[in-house]
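Engineer: Generate coordinates for the sequence data below:
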Amino acid sequence: MRRLQPPTLAQWVCNHRWKTTTSRPGQDDVVRMRYLTCRRCNLKVKTEEQLAVPWDEGDLVDQIKVLLPEGQAVALRDKGIAELPLARLNFRLAPYGYVIHARKSRDPKHSVVCMGDDGREELFGLFELRPTSSTLSVEMIGNRHKVD
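Structural biologist: Purely as a prediction, here's the structure:
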């Protein structure tokens with residue numbers, strides 16, 4: 001039996017464009033399964049009345065905390081990440097009281113391409129997961145990029 005995997009960071013923030021696919025015809029009592037597959041990020045989910053996936057957004061926060069320990073600046077390029085939809089991740093993390101703070105790096109080898117809300121790309125080198133204060137709005141969090 002095939003096991004669905006939790007989504008990657010890119011898949012969490014993708015503006016999905018779903019395409020319907022089906023499994024091959026089965027034999028005997030096995031029926032064809034219908035899936036939705038995103039054309040952009042290749043996320044695949046089984047279709048039911050509602051999307052049935054074995055994870056929720058709390059898993060995203062756990063995944064981020066493993067990648068970026070709270071309060072520690074981390075060079076994500078060293079962990080194999082070349083692109084990061086920073087503004088969209090911050091938007092998803094805001095309800096949980098977190099924001100990813102990005103800083104520029106002098107070393108271009110550590111640079112990660114980050115996409116903002118407006119689609120522009122910027123290079124950042126160090127990333128830190130920080131708790132947000134309750135006075136910050138979601139709009140401020142999505143646009144927050146401090147340059148050192």
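Engineer: In the helix ranked longest in the chain, which residues are buried?
Structural biologist: Identified as the longest helix of the chain according to DSSP state H is helix 57-67. For helix 57-67, the neighbour count (16 or more other C-beta atoms under 10 Å) marks L60, V61, Q63, I64 as buried. No exception for glycine: its C-beta is placed from N, CA and C like everyone else's.
Engineer: Quick one: list the elements packing against it.
Structural biologist: helix 9-12, helix 86-93, strand 98-103 (3 or more C-beta pairs under 8 Å, 6 or more residues apart in numbering; DSSP states H and E).
Engineer: Output these as TSV; include the columns distance to G116.
Structural biologist: Output for those, formatted as TSV (distance: least, C-beta to C-beta, whole Å):
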stretch	distance to G116
helix 9-12	16
helix 86-93	5
strand 98-103	10
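Engineer: so can I have CSV of these showing mean neighbour count, mean pLDDT and distance to G125?
Structural biologist: Putting the helices and strands packed on helix 57-67 into CSV (neighbours: other C-beta atoms under 10 Å; pLDDT from 0 to 100; distance: least, C-beta to C-beta, whole Å) gives the following:
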stretch, mean neighbour count, mean pLDDT, distance to G125
helix 9-12, 18, 78, 17
helix 86-93, 21, 90, 12
strand 98-103, 21, 93, 7
